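*Asks:* I need the structure of the sequence given here:
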Amino acid sequence: YYTATVFECPTDRRGAQSAVFAGGRYDTLIENRGGRPAPAIGFAMGMERLVELVMLQSNGIEGDPVHAYMIDMTDSPDLSVVISEKLRDRGFNVVEHCGGGKLGNRLKRADQSGAVLALIRGQEESESGVIQLKHLRKSIPQANVPLDEVVDRCVEYLA
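*Replies:* Presented below is the predicted three-dimensional model:
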């Protein structure tokens, strides 16, 4: 269904899913479906892929360190956003995970970001009113921390 120009922006940093965005001309698509001729161009972009590439690329650039990486695996991440903002208000740089994936892959991204702490909120944690704190740079046991203590505990860990 493409006509004339077709384009793709691949990367060698993603493995099997190498296209970050792609598209082309669709000059006859609508006409072939019974409509009036309508020359057009279109594209699609994978935002999660783009965010991942930016994070991977920025690892080699000096900048402000990432203190905490928020991983929310619930259907309602509003509380995680509030906690992230409270940490930012205290002067910490917080990355909030965008996109899906298994917990192991999300933790790998947290580690690649250079973050010191991973804050993990899954369904169990949500129901229990806690967030898991995982220190990514020291051998400190992972801990379930009540929501009202999360910011203060992060401050202790990051001091």
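*Asks:* In terms of secondary structure, what does the helix or strand where residue 71 lies contact?
*Replies:* Counting by DSSP states H and E, the element that carries residue 71 is strand 68-72. Contact here means 3 or more CB pairs under 8 Å, 6 or more residues apart in numbering; DSSP states H and E; on that basis strand 68-72 packs against helix 78-89, strand 94-96, helix 103-112, strand 117-121. Any C-beta I mention is one placed from the backbone N, CA and C, and that applies to glycine too.
*Asks:* for those, which one ends up most surrounded?
*Replies:* Most buried of the helices and strands packed on strand 68-72, by mean neighbour count (mean count of other CB atoms under 10 Å): strand 117-121, with a mean of 24.
*Asks:* next helix or strand past that one?
*Replies:* Following strand 117-121 in sequence order, the next helix or strand is helix 123-128 (DSSP H and E).
*Asks:* Give me the distance from that next one to the chain's centre.
*Replies:* Its chain's C-alpha centre and that of helix 123-128 lie 21 Å apart, by CA atoms, centre = their mean, to the nearest Å.
*Asks:* Let me know the average pLDDT across it.
*Replies:* The pLDDT scores in helix 123-128 average 94.
*Asks:* moving C-terminal of that helix, what's the next helix or strand?
*Replies:* On the C-terminal side of helix 123-128, the closest following helix or strand by DSSP H and E is strand 130-135.
*Asks:* who does that following strand pair up with?
*Replies:* Using DSSP bridges, strand 130-135 pairs in its sheet with strand 117-121 (antiparallel), strand 143-146 (antiparallel).
*Asks:* Between strand 68-72 and that strand, find me the angle.
*Replies:* 140 degrees (axes from the mean of the first three to the mean of the last three CA atoms, to 10 degrees).
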